[in-house]
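Enquirer: Prediction below, plus the sequence it came from.
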Amino acid sequence: MKSMNIISRCQSIFRSKNTEPDLCAAHHSLVLAICRNPNSSQDELAKDICLNKSTVTRALTQLENSGYVKRTPNPLDKRQVLVEPTEKMLAVLPKVRSVTMEWNRLIFEGIPEEELKIFNTVIKKIEENARKAIEEKEVSTEI
């Protein structure tokens, strides 16, 4: 876990140095999630990228103030806020994807394809277990 944490911090530094000045490293995941699922609720985005709701709300406020997203109340459920990308976000999406691809190229350099396949299978299982553990914890604290 220590290694994954270090890799994540290195990725944040790389993203910060290679992105738009008004986008911080933490915004990359939101940009990708919002463009992948436009008109998602803030809660759905938080769950998708495993951040707490208040962190997502703060980040979305920054993105909205910078003109990257538009937030509107859900007409079917006024308690929910829907998030959609603006033209500005769609314009930076290729750069965000490019930075992500470059990072992946750099960190996977020299690792044989077969090892990467095994790694991807294992890391996906770890992610599923982590999400399951969080969901179970949330359910047990609600009771």
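Expert: Yep, it's here.
Enquirer: hey, let's count contacts and neighbours off CA atoms from now on
Expert: Will do.
Enquirer: just for the chain, where's the confidence low?
Expert: Low-confidence segments of the chain (pLDDT under 70): 138-143.
Enquirer: Not counting sequence-adjacent ones, nearest residue to the residue most central in space within the chain?
Expert: The residue lying closest to the centre of the chain (CA atoms, centre = their mean) is Ser29, at 2.4 Å. Nearest non-adjacent residue to Ser29, counting by CA to CA, 6 or more residues apart in numbering: Ile49, 6.8 Å away.
Enquirer: From Asp43, how far out is the one you found?
Expert: 10 Å (CA to CA, to the nearest Å).
Enquirer: between those two, who's got more neighbours?
Expert: Taking neighbours as other CA atoms under 10 Å, Ile49 and Asp43 compare with Asp43 leading, 17 against 13.
Enquirer: Contact partners for the residue nearest to that one when sequence neighbours are not counted?
Expert: Spatially, and ignoring its direct neighbours in sequence, Asp43 is nearest to Lys53 (6.3 Å; CA to CA, 6+ apart). Contacts here follow CA atoms under 8 Å, 6 or more residues apart in numbering; on that basis Lys53 touches Gln42, Asp43, Ala46.
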